[in-house]
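Undergrad: could you look at this predicted model? Sequence included:
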Amino acid sequence: MNKRILIPTDFSQNALNAIRYGTKLYGNLQCDFYLLNAFQVNMYTLDNMRVPEPGESNYEAAKRQSEDGFAKLKAFLDIQNENPKHSFHTISTFNSLLEAVRNEIAKKDIDMIIMGTKGITGADSVAFGTNTVNIMEKITECPVMAVPENYDYVPPKKIVFPTDYKTDFKRRELSYLLNIAKMHDSSIHVLHIKKGRELTKLQKNNKALLEEILHGSDFQNQSLTDVKVQEGIFSFIEDEKCEMVVFVNRKHWFFGSILSNPLVKSLGYDATVPILELNDNT
């Protein structure tokens, strides 16, 4: 069965870069790429008592703009992407991006979402765009990958997987990490930020479980001591020249406490490598 990847687009360069990254990352797999544009109508919002109906001038104008954007994008992709393993499908819908994404996940049985970190209205002072943060914090049905603005694709030969070992691991959720590592002959760097204490019995059990799941892949355990979690992760990425971060978003606290923290900007990190968020659906 083909891999089904949903890529939201506002036709910005950043969104186009996410498409490029996804097609190269999964260049050797049969893939269906669903390109989604959730368009809005001037002077209307989904919170209004009345929303525009198909046939009304404002609605049709916004729909035409979305369809024109897809016509240009498809023409570009036909020239740039000649991979016979890849098929592109366009979805134009009047909806909020979050609800549109949820609908398509259910309809198309989506395996993964890939999106840029900023949209066409992204502010330079924001490391992750509002839409990206919203999707990563609220979508739990499938993994979400954020591709930094202007990131030039390189195969992810080194992947950092930060963990505190405080919760258990599941083969299903880690299969995405293992598949990417297998495709690109990647090494997985399991990074634990220690606080000067020995691992508890629970942490040791979870570590053993993780090692069992990763057995057969090229992985290594690494640790940093007495540094702040954010600083440790980002300095490790820089020092080890990692090309991807993968983490499990337990109950959606990890992303909120680390990646959307203002410390991200002060470290000068500003999303320099793609970040894959795996979801704990339990």
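TA: Thanks, I have it. A quick note: this is a predicted structure, and the numbers were derived from the prediction, not measured.

Undergrad: if I look at Lys195, how far off is Asn221?
TA: 16 Å (C-beta to C-beta, to the nearest Å). Yep, even glycine has a C-beta here, placed from its N, CA and C like the rest.

Undergrad: which one of the two has more residues nearby?
TA: Asn221 (14 against 10; other C-beta atoms under 10 Å).

Undergrad: which residues does the more buried one contact?
TA: Taking C-beta atoms under 8 Å, 6 or more residues apart in numbering as the contact definition, Asn221 lies against 190, 192, 207, 211.

Undergrad: separate out the buried members of these.
TA: Buried subset of the contacts of Asn221 (neighbour count, 16 or more other C-beta atoms under 10 Å): 190, 192, 207.

Undergrad: lowest pLDDT pick from those residues?
TA: In terms of pLDDT, His192 ranks lowest among the buried ones among the contacts of Asn221, with 91.

Undergrad: nearest residue to the middle of this structure?
TA: Nearest to the geometric centre of the chain sits Met145, at 1.2 Å (C-alpha atoms, centre = their mean).

Undergrad: what bridges to that residue?
TA: For Met145, the beta-bridge partners are Ile114, Leu276 (DSSP bridges).

Undergrad: sorry, back to before: including secondary structure and distance to Lys158, could the buried ones among the contacts of Asn221 go into TSV?
TA: What follows is these, written out as TSV (DSSP: H, G, I helix; E, B strand; the rest coil; distance: C-beta to C-beta, whole Å):
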residue	secondary structure	distance to Lys158
Val190	strand	12
His192	strand	17
Lys207	helix	20
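
Undergrad: which of the residues you listed sits closest to Asp152?
TA: Nearest to Asp152 among these is Val190, at 26.6 Å by C-beta to C-beta.

Undergrad: show the contacting residues for that closest one.
TA: With C-beta under 8 Å, 6+ apart, Val190 has these contacts: 161, 163, 210, 214, 219-222.

Undergrad: ok, those vs Ser175, which is closest?
TA: Ser175 lies nearest to Leu214 out of the contacts of Val190, by C-beta to C-beta, at 11.3 Å.

Undergrad: and the closest residue to that closest one other than its chain neighbours, what element?
TA: Computed as C-beta to C-beta, 6 or more residues apart in numbering, the closest residue to Leu214 that is not its neighbour in sequence is Ile188, at 6.4 Å. Here Ile188, judged by DSSP states H and E, is contained in strand 187-194.

Undergrad: mind checking which of the contacts of Val190 are buried?
TA: Neighbour-count burial (16+ other C-beta under 10 Å) applied to those gives 161, 163, 210, 214, 219.

Undergrad: my read: Cys242 touches Phe161, true?
TA: No: shown here, Cys242 and Phe161 do not form a contact pair, counting by C-beta atoms under 8 Å, at 9.9 Å.

Undergrad: related to what we said a few turns ago, and of the buried ones among the contacts of Val190, the nearest to Ala75?
TA: Each of these was checked against Ala75 using C-beta to C-beta; the closest is Phe161, at 38.9 Å.

Undergrad: pLDDT at the closest one, what is it?
TA: 94.

Undergrad: what separates it from Glu104, distance-wise?
TA: 28 Å.

Undergrad: restricted to helices, list the contacts of Val190.
TA: By the criterion of DSSP state H, membership of the contacts of Val190 in helices covers 210, 214.

Undergrad: could the contacts of Val190 be laid out in JSON lines, adding distance to Pro274?
TA: Output for the contacts of Val190, formatted as JSON lines (distance: C-beta to C-beta, whole Å):
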{"residue": "Phe161", "distance to Pro274": "14"}
{"residue": "Thr163", "distance to Pro274": "18"}
{"residue": "Leu210", "distance to Pro274": "22"}
{"residue": "Leu214", "distance to Pro274": "20"}
{"residue": "Phe219", "distance to Pro274": "19"}
{"residue": "Gln220", "distance to Pro274": "21"}
{"residue": "Asn221", "distance to Pro274": "23"}
{"residue": "Gln222", "distance to Pro274": "20"}
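
Undergrad: any idea which of the contacts of Val190 is least confident?
TA: The member of the contacts of Val190 with the lowest pLDDT is Thr163, at 88.

Undergrad: tell me who's in contact with that residue.
TA: Here Thr163 is in contact with 190-192, 210, 247-248 (C-beta under 8 Å, 6+ apart).

Undergrad: now do 10 Å
TA: By C-beta atoms under 10 Å, 6 or more residues apart in numbering, Thr163 lies in contact with 169, 190-193, 203, 206-207, 210, 221, 247-248, 250, 254.
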